[in-house]
Each structure stands twice: as C-alpha cells, then as structure tokens.
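Asker: Sequence and computational prediction follow.
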Amino acid sequence: MNTPGSVVFQNIRKTFGAFTAIHDLSITIKPGTLVTLLGPSGCGKTTTLRMLAGLEHPSAGRILIGGKDVTMLPANERDVSMVFQSYALFPHMSALQNVAYGLESSGMKLKEARERAEEGLQLVGLAGMGDRLPAELSGGQQQRVAVARALVLEPQVLLLDEPLSNLDARLRRRVRTEIRELQQRLGFTAVYVTHDQDEALAVSDHIIVMKDGRVAQEGAPRQLYEAPASSFIADFMGEANVMSCQVIAIEGEEAMIRLGSLTHKVPKRDVMQAGEAKLAVRPNAITLEPAADAPFGGVISHAAYLGDHVEYEVETEAGRIFVVDQAVDRILPSTTPVSVGFKQRGIAIITN
Amino acid sequence: MSNSDRRLDWIFGTGVLSLLLLPWYRIELGFFNLSWLTGFMGDEDLAPAILQASTSGRWWLWGAILLFAAAMLVRVLQPVSERRGTLLALIGAAGVLFVAFQGLAITFAGWTWTIFEGLFGPLSAGQPAMGAGAITLSIMFVLMFSFGCAERGVMKGDAFIVSAISLLAFLVAVFVFYPIISMFVGAFQDFDGSFNPDGFLRNIVDPSIWSLGCVIGSERCGVAWRTFFLAVTTASGSTLLGLAFALVATRTGVRFKKGLRLLTILPIITPPFVIGLALTLLFGRAGVVTEGLSQLFGIEPGRWLYGLTGIWIAQVLSFTPISFLVLIGVVEGVSPSMEEASQTLRADRWRTFWHISLPLMKPGLANAFLIGFIESMADFGNPLVLGGSHGVLSTEIFFAVVGSQNDPSRAAVLAMILLCFTLSAFVAQRLWLGKKSFATVTGKGDNGVHAALPRSVAIGVHALVIPWAVFTLVVYGMIIAGGFVKTWGLDNSFTLQHYNRAFSISITDSGIAWTGVAWNSFWTTMEIALISAPLTAAVGLMTAYLIVRQRFAGRDLFEFALMMSFAIPGTVIGISYIMAFNLPPLEMTGTAAILIACFVFRNMPVGVRGGVAAMKQLDQSLDEASLTLRANSFRTIRKVILPLLRPAITAALVYSFVRAITSISAVIFLVSAEHNMATSYIVGLVENGEYGVAIAYSSALIIVMIAIIAIFQLLVGERRLRRASRLAISMPASAPKEKPA
C-alpha cells in the first residue's frame, strides 16, 4: 500500500443553485483510520464524499489529501478511489478487466496490470473468477470486485459510498466485517458513508454525524452512543426517549435529577448548575414494575411480544415513552399502572 | 511538466505552424490538392499569415498574431494558476472573435462597412476567404479558451469536456446560426452587399404572399396562407390516419401487425418526391388511372392532381407512417389498468374509449399533428413534382433564386415566413405539450389487457385503414413497377431500357466503364453519405453525452437550440447556406464540404435524441467509477460509454446515412456540376419528363437503402451483455463459460 493519507476539509461550502448542501464544513481525518460519515438522507454526507473524490467541486473552501491541496484537481488525477453504492461495475468487461481498468488508465503495462488485478481478486477471495462478467456474479461477489477494483490502485484514501446497501441483511454483516479486517490489515485510510448507525458503530474508528449540511457531532462510536450532544444524535444513534427533567443539584461529577417525584443520579457532563434539562434514555435502560402508586408512574398503552424481548409504550407524566424489556415471562397487559425506574447505564443528560 | 502545460504547448505548436507555414487564405484548387506546396512562400495568394501581414499589406493580421504571441508569453511567465487560466481564456475568446470579425469586416474589395473606412482609411488590399491557416488558428483560439477555463476549474477542471462544449458551440454557431443570420441580413441587402431595405419592404407586403382572396372571393390566396392551409389539412389527415392505423395495430385482432410495423420504415427510405412521382404515373394527365377512366367512361383527363389536392394526397401518404410511429407509442402508453378500472366502474366499451382512452391520448395526438404540420411545411420534393404553378413556400423560395426571378431578397423573406411558421409549431410542441404527456410508462409491471374498441369505432377505423393501406401498396407497387414500363399510359410494355440507361456498365480494355447516366451522381451520393454519416453520429452522440452527463451554464438553451435546428426546413437551410458561404470570409459553395456540413448539422438532432435516450439508461455512476479509476473523460467515453451505446451508434449511423441519400430540400441548393447528388439528379430527370429513368433510379435507391439497413442490423446485432448473463443462469456453475465476443 501507499502510505495512508490524511484528509482535511477547510471551510467547505457547496451550493447547487439556490440550495446550500454543505455549510462551512471543516473536518480532519487521521491517516490509517476508518471514518464514517453518518446521517439521514439529504444531510450532505454523499456530497461530502463526492467532493473528496473530485466528482463535485466545492463552491468555497479547500480540500487537502495527504497534505496536498486537491481542491481544483479533477477526479482522475486524485490519489483516491471509490466503491460505489451500485458498484458501477462495467457490464461489458469481465471481473478481471474491471479490476485492471484503473491500473491500465494509470499507464501500467497490460501484462503487469493483469497480474496485479489477479492479486487484487485474490485479496477479496475471488481468485479464478476473473473471466466472469459482472452479470454472472452474485451481489456479494460484485461488491468484492468493486472493492478490489478500488484497492488495487493503492490509493491514499479509499472512499466507500453506502457499500452494503444493495446486499441482503445476512450478507451485510459478513461483508462489513471483511471490509473492516481488510482496512486494518492493509492500514489504509477509509471514508465510509452510511445512513445505518449499526453499520457505523460496527466498523468505524471515528464517526462524523451530519445533519442539514453541518456536522452535528463527531467522536468515537462509544462517545456518540453514550454521550450524545443533542436529542437528534441521541435519537439517531439508536433510539432514545427524550424527556424534560429538573436538575436539582450538582455533586462532583454527577447531577441529581428529578422526574415527577423520582430522583436519579447521572454523569453531569457539561451541566453546571441546577435548572431545566433534557434526558435521553435508551429504551432498554428503563425498568417497569406493576404498581398503583409510584414516584414516577405511568400506564401501559400498548405491548408487543417480539420473541426475545417485549416492547411497551407507556403513557407517563413526561409524555409517551418507548421501553424494551427483556422479561418475556411476564408480559404486562395494556392499562396496567406501572412504576417507571432507570438503570445505571444508557441514560444521558443533554443540553440541546 | 504538468498536464495543463503539455496540452497548452500542443496548441502553441500547432498555432505557430498555422501562422508560419499554412496558407492563410483559401486556395482555389483546394487545400488537399497540395499543389500549393511548390510555390507558396513567394505567391501572394498562398502565403501564410506572417508574410501576408508583413509584406502583402494585410496589416490587420498582426492583431491575430500578437494575440497569439501574448498567450505564449503568459504560458512562459505564469505557472499553472487560476489567474493564468483567466488570462488564457480571455485571450482565446478575443482571438477567435478577432479572426471572425476581421473576416467579416474585410472582404475582396476592402472594408465591408464604410464606418471603418472613415476610422482607418481605405485599404490597399482586400482579402479572399479564409483558408487552412485561418481555420486552424481559430480552432486553436477556441481550444486556448477552453484550456484556460479548465485551469480555472470550469467543469471540474476537465479540459476535454470544456473543449468539446466550446468546439461544439463554435461549430453550431458557424454552421447553424451564422447562415440563418446571413439570410436575415441578406433580406436587407442589394446584390453588391450594401444596405437596401426595398427588397424586403416590397416582398413582406406582397399580396401574392399574403392575399386572403380565396376566403372572401374567387381569387387565389397568397402563398403563405396556401402553405398554411395545406399544412393544417395534411396534419389533420395524417394524424387521423395514423391514429386509425395505431388503433388497428394495438386494439384489434388483425394478423398482419408485423406488416404494419414495416410501414414505419417506409418514410425513412423513400426519397421525398417519389410518392409524388408515383401519383403522377397513376393520376397525371397520362396516368394509368386517368387513361383507364377516360377510355372506360369517357371522363375527360384533368389536371386536378397538379396543385394543392395532389400535394395533399402525396403528403398524407408520406407522413401517415410518421404519425403512426408517434401514435403507436401513445396508444400503447395508455395504461391498460385505466381502461380496466373504467370497465369495472360500469362503463361500456364506448364510454371507456370516449371518456378515458381518447382523452389520455390527446397530448400525443396534438404532438402528431404538430409533427405533421412541420413536415408538411418543410416538404419540398412533393410540391416540386406536383405543384405546377400553385407552389408552396418551400418551392417558391427555390424558384426565387434559381428561376428567372433571381431575387435573393424575396427568397430570404419567404424563408423567414416559413421559418416563423415551423418554429412557432416547434415552440408550441415543446413548451405546451412538454408537460402534458399522460403516457404512463411506469416501469412497474402493468399487467392488463387493453380494452377492445367499441364496435362502431372498430368498423370506422377499418374502413379508413384498409383502403388506405391498399392505396399505399398500389403507390409503392407503382414505384417498383414504374421502372420496367416503357411509357406509362401510352405504351405499357415491359422494358429494361430505363435501368439500362441509368445503370449500364460496359467492360472495356481499361476496366469497367460506368456508362449509365446515374452512376456519377450515385457514387457522389454514396461518398458524401459515407463521409457524413460517421461525422453526424460522432457529433450527435458527443452532444448527447454533454447534455445528459454534464452540467454547464446554458445547457438547456443549447439543447433547445439544437432541437430547434430540426424544425428549420431544408429549403431554409439551403438558401441560408448559399447566402452565408458564397462569399468571404467562408467560401464553400460548390464543394463537397458544404454538402457534408449541411448533412451533419441537419441530421445531428436525431443522433442527439437517440443518444440522449440511450445515455439516460446508463447509470451515471459508471462514468464516475471510471473517473475515480484514473481514466480521463476521453478514455471513459472510449472504453465505457461507447461500447455500451452500440445500438444507439448503429441507429445514428444508419439514419444519417439514409437521410443523406434521401434528402433533397437543402441539397438542391448546394449541389454543383462536380458534386451532384442522386436526389437532385432525379428531380432534374423529372423536370425533363424522363419519368421512367427517374422512377427506375428511385427504386434502385430504395433497394440500396433497404440492403444497407439490413446489413447494418446483421453486422452490429444486439448488445451482448444480456444474452451472456441469461446464458450463465441457464448453465450449471461448473460448466466452462464461453467468453462473449
């Protein structure tokens, strides 16, 4: 492999006519890491990736790859390569010709390009399949050809645009593990776009969550999941119940909060003083006990049995909440009055 | 050295060559004759720009030379940067404008416009038309502009794409807009080129153009209104018949549906005047039917065929297949589930047809009507053969320049009127109908069966279709049979003399002698069609690629202008090419090049349309994948897009080849003794009354075109991707796979 490259976006803005897709985006990606751009559709993550590839040019700002300014460089002169959502395998070329295409474009001799392409196919476990046309390969195999085609160029940065979205659920898990292993073994920098937070949590060193053309929050997977900066992040990174609460006291690193007449301790994060706050609570961090009279109570409005867990909707003083309960032996029917409590983990105070 | 420096050096090299070595002005004997090589440095007419400017007193050429030198200086002094890009783009634009402007401003006799004579004084020498040097340098300036823009990051810095767009815009400007503008200017000029609005004013109010006498009295209407009425009635007739044919083909149990489909290729392979010719042989003064009727019933042979009635019949025959082609898509496009829904809502067949099917077809019907209208307006061949003294606009234009009138101003005015009619129809079609299509091809499996026609409609439709189909067969039979009969009506005995006269070959000692009268124009036609077909396909598909795949300022306008050039009648193109390319700065009349240019830019829109449709089916991520795999746009087009577009390429090639053979309206203005085309030769035969040879030649052309289409179909065949994959599915995985060719 080439030495992995870093990626820097400096104050990037991208407009399409009157529509601004990206507002003043500045991000830095360390060499040799796998970074995920995550967000709902239309958040600008794919536009960001395409600007990095050179398929779109920013309206303002600078892009650096491996320390070199590539802002005005066309796609074919950049040292990156890309795996497309649709794979974009050339249907009239065999798998081997597809993989060799980029090498030949770079001016490599035909024979050498063929040899390197064979190695590339071997790397993704498709040795001996080189003569097949894309239409003769399964979805998973096509995907691997697309990865091999991008990797044989030994780019400073590998770009992956929703690479798993055309695979069925079972295959998806396996392929994402393979991609991650390949990245760690070869040590290249990878930028990975997805809208699936499970995928992002599973493969990334670092996640950048985007919303409406801006970075909503970035950090390590654990940090995003456990310490969301906003209710948007909390809800997007796995479901969360967002409830209003009262902070009644700060004690060292912990905040004492009150919901109804229930009090609970949570890490204070950046809350400095008592007052109104919001609480993001994971559905599986809530406990339910049948009880007529409780410090923080509610009534079950709907229960659904899903095999290994039960999902409840509960009407409480703080609004309707969603609860996942592992206790499948004991299903609480609708209209049961319950007492609502919290576990130690899976609950975070958020300031916006 | 960077990529951008390398490509700049290439244009500087070529540019310097064109200034120092290539003859700047046009050479009478032709550039490719190469006889100029022997004495060109000394001869004033053959000298390159640098000598013209320094020793022949053509000082204005220094302007172009200095601009070019300035660009070279910028290249040497500035490194690659946005600033350099801006400078180069500006110099390139200034250069091409300067070359064009000096060409227009200074001709044989010196200044074209007196205002410059006042400013700069009279010139010691004028200049002839531009030649190899001037043309090469102009192209280099265009490329310089493009490379400069690419350096500034235009089109994501893709120099190939910027150059393609600029060159295309340049060519369209020279070969579409410049001629049209010249024609407009020509309307206000005297023979010597000076401004004189008399001709225009005289013609624009001429009652022989605008009179509405036929409506209010017994007088004849002006030619503009006659043409308009003809176009409206032709469009109505061909739309009605086209709809009837389409309904029969899709909504009834007729067995010869394949035969009906074949009908659609007839107008493509039929030279436009052939129908008129066949009608003459049937219904003319000495026609078979006329003679028969006069012998059997003693009906006096009349001249009713020569005039609007005859033209109307010929045009409806010619254009019904086109309208059928449009409407069959419309009729099939009405979703069967709509009709089924109607039937489940207690509507009977008549109600379903009248309230659901027909209203859904309305936009398609309007579209077919407008196409028929434009085709009828533009038709030149049939009116020429059948018009007699009751001409239409397209023939009047022709007679205004070739006949005894020789009034270019009148021709220009008539051309403007014709252009107004067709462009209005075109704009109406695009703007008004563009958003109104109900054709519902959703891509979802629409499993339904079209409702059968109500009984009364079915009867009516068959009553129209069967006689008309028989009539069409008789007319085409006439075309084939016509060449084998001595003199229709007078002596109906079998003969080969017409074919013999046209296509005889004798073998002499020195080889084969092509003694037939047709060979000369036949080979010229083949040669020009063979040269222009690949050019047309290339320009058309490149344009389609740019329109579909690239976003650039003015793209919609660009597309609109291109499509609009399709609505410009051939006669207008012909007259405008004559007015534009007969005198400096560009002198091309009488050459093969003007015919080729005319075909390329006239037939290109069809290539564009086919290319756009094909390209829209190719996922854009294929091109993007190729780009991220280090291939530049040129390699992407060559290796990825072209191989996947093979069917569209074939279609464009065949179509432009065939159109080059059959077209007459523009060609008849542009042919010369040296480069005569088959169609204009046949028209000449008709004018001399040699109907037998004319029809023999025409049917030979039709056979040749059918053969060519068949050969192309066999050679190129279907795209192989699908078949290969289907093969793979049906084979066990372990079986060895054949590599598809």
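Answerer: That came in fine, so what should we check first?
Asker: ok, and what's touching the lengthiest helix in chain A?
Answerer: The longest helix of chain A (DSSP state H) is helix A:169-186. With contact meaning CB atoms under 8 Å, 6 or more residues apart in numbering or on different chains, helix A:169-186 is reached by A:1, A:34, A:123-124, A:139-140, A:143-144, A:147, A:151, A:158, A:160, A:163-164, A:167, A:190, A:199, A:202-203. From N, CA and C alone the C-beta is placed, and that goes for glycine too.
Asker: what's the answer for stretch B:510-524, then?
Answerer: For stretch B:510-524, contacts defined as CB under 8 Å, 6+ apart pick out B:500-507, B:592, B:675-678, B:680-681, B:693, B:697, B:700.
Asker: Which ones among those map onto strands?
Answerer: B:506, B:507 (DSSP state E).
Asker: From the contacts of stretch B:510-524, list the buried ones, please.
Answerer: B:501-504, B:592, B:675-678, B:680-681, B:693, B:697, B:700 (16 or more other CB atoms under 10 Å in any protein chain shown).
Asker: Kindly report the residues of the stretch 151-300 of chain B close to chain A.
Answerer: B:153, B:156, B:157, B:158 (CB under 8 Å from any CB of the partner chain).
Asker: could the residues you listed go into a markdown table alongside neighbour count?
Answerer: Formatted as a markdown table, those follow (neighbours: other CB atoms under 10 Å in any protein chain shown):
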| residue | neighbour count |
| --- | --- |
| B:153 | 17 |
| B:156 | 20 |
| B:157 | 23 |
| B:158 | 21 |
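Asker: Of those residues, just say which sits nearest to residue B:202.
Answerer: residue B:158 (52.6 Å; CB to CB).
Asker: Can you give the distance of the longest helix of chain A from its chain's centre?
Answerer: Centroid separation for helix A:169-186 versus its chain: 14 Å, with CA atoms, centre = their mean, to the nearest Å.
Asker: moving C-terminal of it, what's the next helix or strand?
Answerer: Using DSSP states H and E, the next helix or strand after helix A:169-186 towards the C-terminus is strand A:189-194.
Asker: mind checking which helix or strand residue B:50 is in?
Answerer: Going by DSSP H and E, residue B:50 is in helix B:49-55.
Asker: actually residue A:323, not the one I typed
Answerer: strand A:319-325.
Asker: pLDDT on that strand, on average?
Answerer: Confidence for strand A:319-325, expressed as mean pLDDT, is 90.
Asker: who does the helix or strand that comes right after that strand pair up with?
Answerer: Sequence order places strand A:337-342 as the next helix or strand after strand A:319-325, per DSSP H and E. When pairing is defined by DSSP bridges, strand A:337-342 lines up against strand A:286-290 (antiparallel), strand A:297-305 (antiparallel).
Asker: got TSV for those, with mean pLDDT and mean neighbour count too?
Answerer: Putting the strands paired with strand A:337-342 into TSV (pLDDT from 0 to 100; neighbours: other CB atoms under 10 Å in any protein chain shown) gives the following:
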stretch	mean pLDDT	mean neighbour count
strand A:286-290	89	16
strand A:297-305	90	15
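Asker: Rebuild those as a markdown table, extending it with distance to residue A:323.
Answerer: Below are the strands paired with strand A:337-342 laid out as a markdown table (distance: least, CB to CB, whole Å):
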| stretch | distance to residue A:323 |
| --- | --- |
| strand A:286-290 | 5 |
| strand A:297-305 | 9 |
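Asker: Report the buried residues of the helix holding residue B:50.
Answerer: Result for helix B:49-55 [16+ other CB under 10 Å]: buried residues B:49, B:50, B:51, B:52, B:53.
Asker: pLDDT and distance to residue B:183 added to the residues you listed, as a markdown table?
Answerer: Output for these, formatted as a markdown table (pLDDT from 0 to 100; distance: CB to CB, whole Å):
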| residue | pLDDT | distance to residue B:183 |
| --- | --- | --- |
| B:49 | 78 | 30 |
| B:50 | 77 | 35 |
| B:51 | 76 | 35 |
| B:52 | 78 | 30 |
| B:53 | 75 | 33 |
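Asker: any idea which of the residues you listed is closest to chain A?
Answerer: Distance to chain A across those (CB to the nearest CB) is lowest for residue B:49, with 34.5 Å.
Asker: Run a quick neighbour tally on residue B:238.
Answerer: Neighbour count for residue B:238, taken as other CB atoms under 10 Å in any protein chain shown: 29.
Asker: List the residues that contact it.
Answerer: Residue B:238 is in contact with B:315, B:316, B:319, B:320, B:322, B:323, B:368, B:372, counting by CB under 8 Å, 6+ apart.
Asker: helix/strand/coil for the nearest residue to the fifth one once chain neighbours are set aside?
Answerer: Nearest non-adjacent residue to residue B:322, counting by CB to CB, 6 or more residues apart in numbering or on different chains: residue B:267, 5.4 Å away. Local secondary structure at residue B:267 is given as helix here, using DSSP: H, G, I helix; E, B strand; the rest coil.
Asker: Show me the helices in the stretch 201-350 of chain A, by range?
Answerer: With DSSP state H, counting those that start in this stretch applied, the stretch 201-350 of chain A shows helices at A:221-226, A:231-236, listed in chain order.
Asker: so of these, which one's packed in deepest?
Answerer: Mean neighbour count (mean count of other CB atoms under 10 Å in any protein chain shown) peaks for helix A:231-236 among these, with a mean of 20.
Asker: which other helices and strands contact that one?
Answerer: strand A:206-211, strand A:214-219, strand A:241-251, strand A:275-281, strand A:347-350 (3 or more CB pairs under 8 Å, 6 or more residues apart in numbering or on different chains; DSSP states H and E).
Asker: rerun that using 6 Å as the cut-off
Answerer: For helix A:231-236, the elements it packs on are strand A:214-219, judged by 3 or more CB pairs under 6 Å, 6 or more residues apart in numbering or on different chains; DSSP states H and E.
Asker: what's next to the strand it packs on, contact-wise?
Answerer: For strand A:214-219, contacts defined as CB atoms under 6 Å, 6 or more residues apart in numbering or on different chains pick out A:23, A:208, A:209, A:229, A:232, A:233.
Asker: Rebuild those as TSV, extending it with pLDDT.
Answerer: Shown next, in TSV, are the contacts of strand A:214-219 (pLDDT from 0 to 100):
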residue	pLDDT
A:23	91
A:208	95
A:209	94
A:229	87
A:232	89
A:233	90
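Asker: and residue A:284, how far is that from residue A:235?
Answerer: Residue A:284 sits at a distance of 15 Å from residue A:235 (criterion: CB to CB, to the nearest Å).
Asker: check contacts around residue B:601.
Answerer: B:175, B:176.
Asker: Model confidence for it, exactly?
Answerer: Predicted confidence (pLDDT) for residue B:601: 86.
Asker: got the buried residues for the strand holding residue A:323?
Answerer: A:321, A:322, A:323, A:325.
Asker: ok, so of those residues, who is nearest chain B?
Answerer: residue A:322 (35.3 Å).
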